[in-house]
Structure formats: C-alpha cells, structure tokens
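Colleague: following is a predicted model, sequence given first.
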There are 2 protein chains.
Amino acid sequence: MKVALIGSGNVATVLGRKIKAAHHTIAMVYSRQLEKAEVLAGELEATAVDTLEAVETAQADICIIAVADTALQVIAPTLRLSKGIAVHTSGASDMDILRGTAPGYGVLYPLQSIRRETAQVPVTPFLTEGSSPAVLDTITGFARTLSPLVDHASAADRLKLHLAAVFTSNFSNHLYTLAADYCKAQKLDFDLLLPLIQETAARLSHYPPSQTQTGPAIRNDQGTIAKHLALLHNNTDAAEVYRVLTESISRYYGLRLDC
Amino acid sequence: MKVALIGSGNVATVLGRKIKAAHHTIAMVYSRQLEKAEVLAGELEATAVDTLEAVETAQADICIIAVADTALQVIAPTLRLSKGIAVHTSGASDMDILRGTAPGYGVLYPLQSIRRETAQVPVTPFLTEGSSPAVLDTITGFARTLSPLVDHASAADRLKLHLAAVFTSNFSNHLYTLAADYCKAQKLDFDLLLPLIQETAARLSHYPPSQTQTGPAIRNDQGTIAKHLALLHNNTDAAEVYRVLTESISRYYGLRLDC
C-alpha cells in the first residue's frame, strides 16, 4: 500500500517503522514543523512536507493521522483527500471526526504504549473501525500486515478498552513512580523490585489477576497495613493511594477494614 | 548446607526447589499437617515431619521458617535448635522474633511474588539480615547460591521495600483485576491489554517510570477523563480508584484537575 503519514511524534515514528518493515511505501511524512518531518521522512525514505495540500498530492491509499487528539481536531476539518482512506490512531476520538476528509475513513488504534526510543517495537494490538464494511476490510487487512493482533472495535468498545488500558498501564506506571520516588528518598534500590513487577505482569498470561492477588490487604493483615501507613505519614499523596487501593482490595475480596 | 524447611506453602515449596537445585541437602520438611509435609518432602527427597521436636533432631545448618506471619508467631516461641541458624522469610516481621530459637538467627526474605504452580521460578532478590556479622555472612552466602540478587537490609529497610512492593505488585495486580472484570462485564477481550501491561513493566529496565507516564491525566485531557468516569458511573469502587489515581498523577506532574 502507498501510505501518507501525518505526524512525527512517538506514534507516527513507531507506526512508520512498522509500516516500512512490512514493505509498504511511505510516500510522505507531514509535520507542521518541516525539520521534524524531515527527520522521520529521512528514516522512512519518504518525502517531508509541512502543508496538508502536499499530503493531498501524494494520492496515497491510506493516510494515517497519528497526532494528539487536539491536533486531530485542527487537521480533520481542513484535510481533503480525493482518493483512499484516512484513519486516525486515537483511542478516545470518534471515527466521524474524519467524515469528509477522504472517500473512506476509519480508525487504526494501537493499543500499546509507544515510545520512539525503544529499540525493540513491542507487540501491538490494533483496533480498527471503518466508514463502510469495505473500508473496514481494507484497514483491517493493512493492520494485519503490521501485527498478528487485530480486532474490530466500535467507538464505544475502543473507549472502554482505552479506559481499561488507563487502569492497567497509566495507573500501574504511576504506582511504579510513587514506589521509585519512595525508594530514592529512602536510599533503597528500586531495581530490586523489577523482578517482582515483571513477574506480576507476566503471570497474567497464565492466571486471571483476581486469583493471584497477594499482600496485606487480601490477608486482612491490619498490623502490616498500620506499619506501612506509619511509614507514609509524611507523604499524604502516597498514603491516600495506599488507603484507597487497600480499601478497594478489601471490598473486592469481601473483607472489612478500618484504615 | 544441610537445610530444614518449616512450611509447605508457596514460599516453602519454591524455596525448597531452589535450594535443591543449588545442590544443598534438604533433611526435613515440617508441616502441621503431615500429608502436606509428605507431598513437599517427596519432591525434595527429604523426610516429612509434623513436630518441631523432629525438626530439632535434624541438626541442620540452616532452618528456614517459610510460613505466614501469624504461624511464625506460634512457631518461634517453641522452636529450640541446638545448632545452626534459624531464618524467617517474612517481609514485615522483625528478626528478633527468632531470638532464642537457635545459636544464630536472621532473615532470608524473597522479594518476589511466589506461586508453586509456576513452572519457571522467577528471578528472586533476597534481602538478608543476621544476628551477628558472621551469621549474616552465612545467610548471605547461602542466599547467593539461590539467586544473583542478594542484598543486606535492616528490618526498617526491609519493611520499606515491602511497602514499595505493595505499590508495585499488590496494587498493580488489583488494577489488573479491576480492568479484567470491567472487560469481562463489557464482553471485551482483556488479553488485548497484555502486550501493553508487559511493555509498561519491561520499560522500567530502561527508563524511570516518571519519564514514561502517559494517559489522559498527565495530558490534563479533561474530555477523556469525563468520558471514562461516565463509563464507570455504575462502578463506584473503580470510579473512586480512577479519581484518586488521576488526581495523584495530576498533582505529581503539577497540573490542576477538577474531577
């Protein structure tokens, strides 16, 4: 497929690499800042442009708009492609924001945390949506050249999976941050926790997480909970996170706690 | 070393396997329930016993008490070993609970979530403590035969690392549970989130988590946050976890949120 790529950030860069590796032709890379487009276009052997009119001349089969939701709201009303399909990569934006941009339009949402610095691009599930069954087929077929994990998802389901991803990834990452900062403040080696973190994540391939819950909350171990909260007496934010998650675990497993 | 093992649960089982694999001799496995001791002793080619007096006859170099904190409080006052070292494996218990049980005593705390079902025993950091420098050396040397990651930690530091582990493992696992339940209720495939979860954990080997935070909270994306909270209107528990973690992320990165 002949691809035009709008964006030069993390998602555009990593998608661009996957697309090139899958032997598609990337005709153009657009960024509002030409020098950013040039860096990515150089890597992808594409032409760098900084106007949407130039993207329109590419006559690509698929135009991928891989930009922040706010930028998508600026670009969608002005992009006018006379052929092909326009897709965005947003978890929380409606497909219909692209109505009128191209003969076909849809969504190609990578359900993954994407950073251009990572040498190894992780396995990335794609959730697809299309303005017609034929367009959906084309987007889905294209996605399958990039990843073995491709699923159609309505806008409603995409938002729900995005919500679940916030819990599993964004919130977990923040817990890692609170723990890393605590270790740093206490002059303890956060790296000692890495095997545990990775085991907790890896185990999900074999057990549902509700079957592998451990820790003082599920044991209703009030002594340890009190010791932990005493350690956090100067850290109101971490203490509140501790309390709310401990209470949530207790409620989930039907215990009663007063902490 | 000649080892006696008190306990037959997850930690005793997995430690026993590591100890056997490191070519130590496991003389005895104790459990209050003889049949449980027999199962583990059979696997470890040891003698199964159900009295602490029998453990005392083993004359082991190191007696490992791998039981729940509550059972430790019952066993410690009655165990009387005439030789060797007694250690417990608890993150939140003081070393001194073992004073008087053996000539030397200490702690051998595995900082890992341990389940006997897992075919592959994960890398396990051990935190050690000893009643004297010589005892600490012996425990640490023994631990190094089980794992490349061994560190001395005072009781205070062990409790702090245990607290950090609650954040990174217990709380993350509960977030996975909330997300898995939500996906199940919405008839969505939770497995689609596994690559994201594993990438979020794996990235910690390369970046501090505060540098890789993504999601609506750090972007101050109030529109998406409102959409997510609307989806959770019937799930007060998950909604409260969402709110508290979103507010915590916002405060951490210096934003202001009214959600």
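Modeller: Structure's in. What do you need?

Colleague: measure A:A58 to A:T138 for me?
Modeller: Distance from A:A58 to A:T138, counting by CB to CB, to the nearest Å: 17 Å. C-betas here are computed from N, CA, C, even on glycine.

Colleague: scratch that, A:T118
Modeller: Relative to A:T138, and taking CB to CB, A:T118 is found at 29 Å.

Colleague: looking only at neighbour counts, state which of the two leads.
Modeller: Neighbour count, other CB atoms under 10 Å in any protein chain shown: between A:T118 and A:T138, A:T138 has more, with 21 against 17.

Colleague: which ones are touching that one?
Modeller: Applying CB atoms under 8 Å, 6 or more residues apart in numbering or on different chains, we find A:T138 in contact with A:I62, A:I85, A:G104, A:G130.

Colleague: which one of those is nearest to B:A180?
Modeller: A:G130 (28.3 Å; CB to CB).

Colleague: give me every residue that touches that closest one.
Modeller: Contact analysis of A:G130 by CB under 8 Å, 6+ apart lists A:I85, A:M95, A:G104, A:Y105, A:G106, A:V107, A:L136, A:D137, A:T138, A:I139, A:T140.

Colleague: A:A86 belongs to a strand?
Modeller: Yes. Counting by DSSP: H, G, I helix; E, B strand; the rest coil, A:A86 is found in a strand.

Colleague: might one say that it is in contact with A:C63?
Modeller: Yes. If you go by CB atoms under 8 Å, A:A86 and A:C63 touch, sitting 4.7 Å apart.

Colleague: count the residues that sit near A:S250.
Modeller: Other residues near A:S250 come to 18 when the count uses other CB under 10 Å.

Colleague: okay but it is in contact with A:A217, surely?
Modeller: Yes. If you go by CB under 8 Å, A:S250 and A:A217 touch, sitting 5.5 Å apart.

Colleague: which secondary structure element is home to A:I218?
Modeller: Per DSSP states H and E: A:I218 is located in neither a helix nor a strand.

Colleague: and what of A:L161?
Modeller: A:L161 belongs to helix A:155-165 when assigned by DSSP H and E.

Colleague: can you mark which positions in that helix are buried?
Modeller: If you call a residue buried by 16 or more other CB atoms under 10 Å in any protein chain shown, then helix A:155-165 has these buried ones: A:A155, A:D157, A:R158, A:L159, A:K160, A:L161, A:H162, A:L163, A:A164, A:A165.

Colleague: touching it from outside, list them.
Modeller: With CB under 8 Å, 6+ apart as the criterion, helix A:155-165 contacts A:91-92, A:94-95, A:107, A:109, A:111, A:127, A:129, A:153, B:179, B:182-183, B:186, B:188, B:190, B:192-193, B:196, B:224, B:227-228, B:231-232.

Colleague: gap between A:G9 and B:I97?
Modeller: The gap separating A:G9 from B:I97 is 54 Å, by CB to CB.

Colleague: the two: which is more packed in?
Modeller: With neighbours defined as other CB under 10 Å, A:G9 and B:I97 compare such that B:I97 has more, 19 against 16.

Colleague: verify the stated contact: the more buried one with B:H88.
Modeller: Yes. Contact criterion CB under 8 Å: B:I97 and B:H88 qualify, at 7.0 Å.

Colleague: tell me, what's touching the two both at once?
Modeller: Residues touching both B:I97 and B:H88 (CB under 8 Å, 6+ apart) are B:L72, B:A76.
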